[in-house]
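Visitor: A structural model of the following input is requested.
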Amino acid sequence: MTFRPIQDSDRDFLFGLFASTREWEFQLTTWTEADKHDFLKSQFKAQDMSYRMNFLGAAFRIIQMDGVDIGRLYVDRPDTHMHIIDLTLAPEWCGRGIGSDILKALLNEAHGGKVPVRLSVEKQNPALNLYLRLGFRALSETATHYALEWRPQTGPREI
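Guide: Numbers count the residues shown, from 1 in each chain. Model prediction:
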């Protein structure tokens, strides 16, 4: 697995990845495919703009497995904490432990720096169970999302 900076040529991949995570939203609609596509394009553009405006120092990366683009990882690392802005894998790559491995590596990095890790997750997102298993705790919630935090153990450790 490798991570590389996002390039302009990645826009189609990133849009397809974004759209693949939103298909469930259209289960009960009667929208045409063109309407869905237009809506998703506008939502993708708004999300991308928001991330880039609100997280100026963040690392925006494509996740690759054996040279194949399989997801995206957006992480901001201000001095006081690590913020996982977005970790998304293409549906066909989910359930293989890849997301768990990435999260564990980020938690290990945060533990070394003695900083908490924060993220926001939709309440119906299957990844919520993974976050809770890894020790994330809810800080707050809205009607649709949880704000979660993981804290490193900073006390003395037995050897």
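Visitor: now the strands: where do they sit in the protein?
Guide: 2-5, 59-65, 68-76, 82-89, 117-122, 137-141, 145-150 (DSSP state E).
Visitor: Reformat the ones you listed as JSON lines; add mean neighbour count.
Guide: All C-beta atoms are positioned from the backbone trio N, CA, C, and that covers glycine. Output for the strands of the chain, formatted as JSON lines (neighbours: other Cβ atoms under 10 Å):
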{"stretch": "strand 2-5", "mean neighbour count": "11"}
{"stretch": "strand 59-65", "mean neighbour count": "17"}
{"stretch": "strand 68-76", "mean neighbour count": "19"}
{"stretch": "strand 82-89", "mean neighbour count": "20"}
{"stretch": "strand 117-122", "mean neighbour count": "20"}
{"stretch": "strand 137-141", "mean neighbour count": "12"}
{"stretch": "strand 145-150", "mean neighbour count": "18"}
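Visitor: Could you report the neighbour count for residue 40?
Guide: Neighbour count of residue 40, defined by other Cβ atoms under 10 Å: 19.
Visitor: thinking again about what came up before, dump the strands of the chain into CSV; add distance to residue 108 and mean pLDDT as well.
Guide: What follows is the strands of the chain, written out as CSV (distance: least, Cβ to Cβ, whole Å; pLDDT from 0 to 100):
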stretch, distance to residue 108, mean pLDDT
strand 2-5, 15, 97
strand 59-65, 16, 97
strand 68-76, 13, 98
strand 82-89, 11, 97
strand 117-122, 10, 96
strand 137-141, 18, 96
strand 145-150, 11, 96
